[in-house]
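coords please:
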Amino acid sequence: MALGGGTFVTQNKVLPGSYINFVSLARASASLSNRGVAAMALELDWGVESAVFEVTKADFQKNSLKIFGYDYGHDKLKGLRDLFLNVKTLFAYRLTSGGVKATNTFATAKYCGIRGNDLKIVISANVDVPANFDVKTLIGTTLVDTQTVATAAGLIANDYVTFKPAAVLAVTASTPLATGTNGTVDGTSHQNFLDKIEAFSYNAMGVVTTDETIKGLYINFNKRLRDDVGQKFQAVVHVKAADYEGVVNVKNTVSDAGENAASLVYWVTGIIAGCEVNKSNLNKKYDGEFTIAADYTQAQLEAAILAGEFTLHKVGFDIRVLSDINSLVTVSDTKGEIFKDNQTVRVVDQIANDIAVLFNTKYLGTVPNDAAGRISLWADIVKHHEQLQEIRAIEDFSDADVTVDQGNTKKSVVVSDFVTVVNTMAQLYMTVVVA
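Alright, predicted model coming up:
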């Protein structure tokens, strides 16, 4: 069932759902949802094709060879290691889907991609039963599967290859697979990812690209989902002004040979997704693996903040986050200076996502819209906000700050909600009087 969501100007919505506005002055209970979920489309040499797939931190550490085609410490996974420093779960999509699967006389790679060309089939006579064959699958120099069979028809597909049942087995020291290619990465592949990821819930989405058109595609997707659908997350892009609280504009580039200049997006996506609702990334130390260009003057750093650029700078021998801000520059009566701070956005996004899920799963189509039903909804929202206050994400909250009334129709309810967001300390102004 498609549910409505997003912001409203008047009470004229058609779809059932949650419509929530925030101005300056996911879960079936009133509890706070967890953060730490990211979404990214990746240029991979191996892996699931044309579908979003879930990778947990434990999966990445233990099964990276099977999932991505390379062991955990491989240079090809440097960006993902940066990302998983701060996220618990990744919804990944392979941009290079649609390529050619590597093959040889005995087997075909499970997935398309150039990594399939590093697969090898080694066949030897079985020591105990010489008429049988030991069939080994290797990726690079790593043995990943061994089977003993009489004929190829007895071989079972493994995590790397499917075998050709009609093949004639013969002893071979090593028969590599070949002709594997990656699919083409273009605007269509990115759009396919965005079409599929819309059904998922996550805290941040990153795109590692220097292509201006692709960056614009992600910015527009973020704005549409935040404002029209009500799905609250932040998009992380590289060197692209957006003037919008939902978009984080990363200023720094990486200087590692052969790496995408936008690769810092991996780490920033991780800290944006993984930062708790009552915390800030202000002054967070970069602990990733890329070489970051961070030599800026004081004037350049001030200009970066004013321009809404998420910037890392040098502090002694460390590289740290200058300010945990998004790309919002233009303020208004309904979207003031406080919305430039990502900690504020995390709080309002937490409220929007949690209350929407609460309403859609517990109240929508179930609870009568009478005084008792509205009091129940009010109590759940108050309980939720009290938890935010307990962890010091908001302050000075009282139950009188929430009201729930019947809307213009018998089916609608109107919630008025007032919260004061807590931000971490950023400036110290001190006067010392010396006698």
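
for A41, which non-adjacent residue is closest in space?
In space, and not counting its chain neighbours, A41 is closest to F193: 4.0 Å by CB to CB, 6 or more residues apart in numbering. Heads up, the C-betas are built off the backbone N, CA and C, glycines and all.

and what about the one you found, helix, strand or coil?
Using DSSP: H, G, I helix; E, B strand; the rest coil, the structure places F193 in helix.

for it, give its distance to G206.
For F193, the distance to G206 (CB to CB, to the nearest Å) stands at 12 Å.

who are the contact partners of the residue nearest to F221 when sequence neighbours are not counted?
Take F221 and drop its neighbours on the chain: the residue closest to it by CB to CB, 6+ apart is L194, 5.1 Å away. Contacts for L194 were tallied using CB atoms under 8 Å, 6 or more residues apart in numbering; they are L217, Y218, F221.

any idea how many residues pack against the last one?
Applying other CB atoms under 10 Å, we find 20 residues neighbouring F221.

I'd like the numbering to begin with 8 instead of 1 from here.
Let's use 8 as the start, then, which means that last one is F228.

wait, isn't it in contact with Q238?
No: if you go by CB atoms under 8 Å, F228 and Q238 don't touch, sitting 10.2 Å apart.

how about low-confidence regions in the chain?
8-11, 15-19, 21-23, 27, 29-37 (pLDDT under 70).

bridging residues for T115?
T110, T169 (DSSP bridges).

now for it: which residues touch it?
K108, A109, V168, T169, K171, L184.

chain neighbours aside, what residue packs nearest to the last one?
The reference is to L184. Nearest non-adjacent residue to L184, counting by CB to CB, 6+ apart: A109, 3.8 Å away.

now for the one you found: which residues touch it?
A109 sits in contact with T115, A116, G120, G123, N124, L126, L184, A185, T186, G187, where contact means CB under 8 Å, 6+ apart.

look up how far G187 lies from the spatially closest residue to the second one that is not a sequence neighbour.
Same thing as A116. Leaving aside its chain neighbours, A116 sits nearest to G123 (3.3 Å; criterion: CB to CB, 6+ apart). To G187, G123 is 3 Å away according to CB to CB.

could you do Q307 as well?
From Q307 across to G187, the span is 45 Å (CB to CB).

look at the two and report which has more neighbours.
Between Q307 and G187, counted using other CB under 10 Å, G187 has the larger neighbour count: 23 against 13.

does that one touch K117 like I think?
No: if you go by CB under 8 Å, G187 and K117 don't touch, sitting 10.8 Å apart.

quick check: neighbours shared by these two?
Contact criterion CB under 8 Å, 6+ apart; residues shared by G187 and K117: K108.

before we move on, back to that, so F200 and G213 - more neighbours on which side?
Between F200 and G213, counted using other CB under 10 Å, G213 has the larger neighbour count: 31 against 27.

E402 is in contact with V429, isn't it?
Yes: contact criterion CB under 8 Å: E402 and V429 qualify, at 5.1 Å.

related to what we said a few turns ago, spit out the residues that contact F200 and G213 alike.
Common contact partners of F200 and G213 (CB under 8 Å, 6+ apart): none.

so which elements touch the longest helix along the chain?
Criterion DSSP state H: the longest helix present in the chain is helix 378-397. Counting contacts by 3 or more CB pairs under 8 Å, 6 or more residues apart in numbering; DSSP states H and E, helix 378-397 packs against helix 349-365, strand 401-402, strand 409-413, strand 420-424.

the more surrounded of E402 and V429?
V429 (18 against 11).

show me what contacts the more buried one?
V429 touches N285, Q350, R399, A400, I401, E402, counting by CB under 8 Å, 6+ apart.

done for today, thanks.
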